[in-house]
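Novice: Need a 3D model of the following:
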Amino acid sequence: MKKNTKKFTRKWGAGVIAAGMLLSGNVFPAGYAGAAAATPQIKAASSAVVLKVNGKITTQTGLFREGQVWVPVTFLRDGLGLPLSYDKDEKTYTAGKGSTKLTLTNTEYGDTAVRVNNYYIGEYGVKNLNNRLYVPFDLLSDYLGYKGDWSAATGRLNVMKRTQNAVTITTESYTKDYKDAPIKLDYPQVSGLKSAEAEKAINDTIKQTILKYAAEAEEQVKNKWEDDRPYEFEGGYVVTYNQDGVLSLITNQYGYTGGAHGLTLRNAFTFSLKDGKRLLLGDLFGANPNYKKQLNARLTTELKANGGYLGGFTGLNTEKYFYLKDGKAVLFFQVYDYTAYATGFPEFSFSFKELLPDGSSPFAGLK
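Specialist: Okay, here's the model as predicted:
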């Protein structure tokens with residue numbers, strides 16, 4: 001099913017990209033009319049970064065800018081060996097595959113939709129720097145399974161694959177090509193675990209969540225009037241943590257059924273790969289008897305301070321809305337729970353050290 005690039009602008013927009021000959025290292029193809037005007041060169045000061053892979057210097061050069069390292073998209077292909085392609089019809093660059101497939105889609109308005117496994121990544125943009133296309137290295141670190149050893153003193157970044165759990169993650173799709181109401185929901189499934197029961201428990205938990213959303217979407221399609229604007233439903237996922245016998249991931253399901261904008265539902269899952277149990281905050285931070293009190297105090301303060309607060313927060317009413325990243329847990333709320341729509345999904349990070357002051361591991365009870 002072909003994707004309509006218009007929907008990316010309606011849902012979200014970020015970054016700057018133009019359809020071009022990326023594979024040659026150039027942002028714009030020869031003769032691309034108006035490219036310079038549509039995407040102006042950014043000439044602010046940047047310092048060069050030597051890019052290394054597993055300690056070996058590559059031919060690619062990154063840039064340090066705005067407090068972070070940016071790497072050319074061609075580094076993903078030439079340095080990391082990821083497949084890289086450009087779809088002219090969809091105006092989309094694709095790097096990687098499987099559960100770490102990155103896409104950069106140019107909308108009709110010149111904005112960029114940055115996605116991993118069809119999951120929109122709003123916090124990271126794309127830049128045209130020195131006539132080359134760059135993404136922040138944090139995007140690779142957070143979602144593509146890499147880590148980096150950055151030395152500001154020498155201007156060198158050494159990129160390495162993360163050591164991850166021995167689990168295979170594949171993408172499954174629930175697809176219905178209804179007229180004027182397509183449904184395409186991508187979601188992960190795992191294999192290769194020692195315990196078949198754990199594997200089934202994880203896969204069933206994720207799949208049942210997706211199928212529940214799909215059933216609700218189909219009911220809306222069934223009740224759609226012929227003269228209604230076209231509907232659409234789609235979803236994706238990202239893996240945020242895959243170490244220490246724990247798998248943490250997020251899924252988003254987006255639906256548009258008319259009106260000014262659609263609505264996205266987010267779910268998060270953190271599993272023990274040993275037994276397939278879906279972990280709650282208490283399973284990870286219960287060694288601190290005051291963990292919930294600490295969370296509620298911080299959340300109350302930060303919700304009110306960050307703008308868009310609608311009121312109503314009296315404390316966590318679920319321990320499911322969180323995911324893990326390196327050394328921290330990220331809690332979030334749904335759109336409209338306590339904040340205005342423009343706020344999106346408010347997120348709040350808590351380091352393991354904050355919640356476990358004695359220095360114990362959140363995974364200690366899982367082994």
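Novice: mind checking the backbone torsions on the closest residue to Gly255 other than its chain neighbours?
Specialist: Leaving aside its chain neighbours, Gly255 sits nearest to Phe233 (4.7 Å; criterion: CB to CB, 6 or more residues apart in numbering). In this view, the C-beta of every residue, glycine as well, is placed from N, C-alpha and C. Main-chain dihedrals, Phe233, degrees, to the nearest 10: phi -140, psi 130.
Novice: so Phe233 makes contact with Thr264?
Specialist: No - applying CB atoms under 8 Å, one finds Phe233 not in contact with Thr264, separated by 10.7 Å.
Novice: for the residue most central in space within the chain, phi and psi?
Specialist: For the chain, the residue nearest the mean C-alpha position is Ile121 (4.4 Å; CA atoms, centre = their mean). Backbone torsions for Ile121, taken as degrees, to the nearest 10, come to phi -110, psi 100.
Novice: So Thr74 belongs to a helix, correct?
Specialist: Yes - counting by DSSP: H, G, I helix; E, B strand; the rest coil, Thr74 falls inside a helix.
Novice: Name the spans of the stretch 201-350 of the chain whose pLDDT lies under the cut-off.
Specialist: The model of the stretch 201-350 of the chain has no residue with pLDDT under 70.
Novice: now the helices: where do they sit in it?
Specialist: 281-285, 291-305 (DSSP state H, counting those that start in this stretch).
Novice: contacting residues for the residue nearest to the centre of the chain?
Specialist: Val114, Arg115, Leu139, Tyr143, Val238 (CB atoms under 8 Å, 6 or more residues apart in numbering).
Novice: The same query, at a cut-off of 7 Å, please.
Specialist: Val114, Arg115, Leu139, Tyr143 (CB atoms under 7 Å, 6 or more residues apart in numbering).
Novice: Which two of these have the greatest separation?
Specialist: Spatially, the most separated pair among the contacts of Ile121 is Arg115 and Leu139, at 10.8 Å (CB to CB).
Novice: Please say which of these two ends up with more neighbours.
Specialist: Using other CB atoms under 10 Å as the criterion, Arg115 and Leu139 rank with Arg115 on top: 23 against 20.
Novice: nearest spatial neighbour of the more buried one, skipping sequence neighbours?
Specialist: Thr103 (4.8 Å).
Novice: That neighbour reaches Thr92, doesn't it?
Specialist: Yes - Thr103 lies in contact with Thr92 (CB atoms under 7 Å); the separation is 5.4 Å.
Novice: hmm, back to that, need the pLDDT of the residue nearest to the centre of the chain.
Specialist: Listed pLDDT for Ile121 reads 92.
Novice: so how far is Val135 from it?
Specialist: From Ile121 across to Val135, the span is 10 Å (CB to CB, to the nearest Å).
Novice: try Tyr174
Specialist: 29 Å.
Novice: Comparing the two, which shows the higher neighbour count?
Specialist: Higher neighbour count among Tyr174 and Val135: Val135, with 25 against 17, using other CB under 10 Å.
Novice: need the contact list for Gln68.
Specialist: Pro136, Phe137, Asp138.
Novice: Write the ChimeraX selection for whichever of those are buried.
Specialist: To isolate the buried members of the contacts of Gln68 in ChimeraX, using 16 or more other CB atoms under 10 Å:
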select :136,137
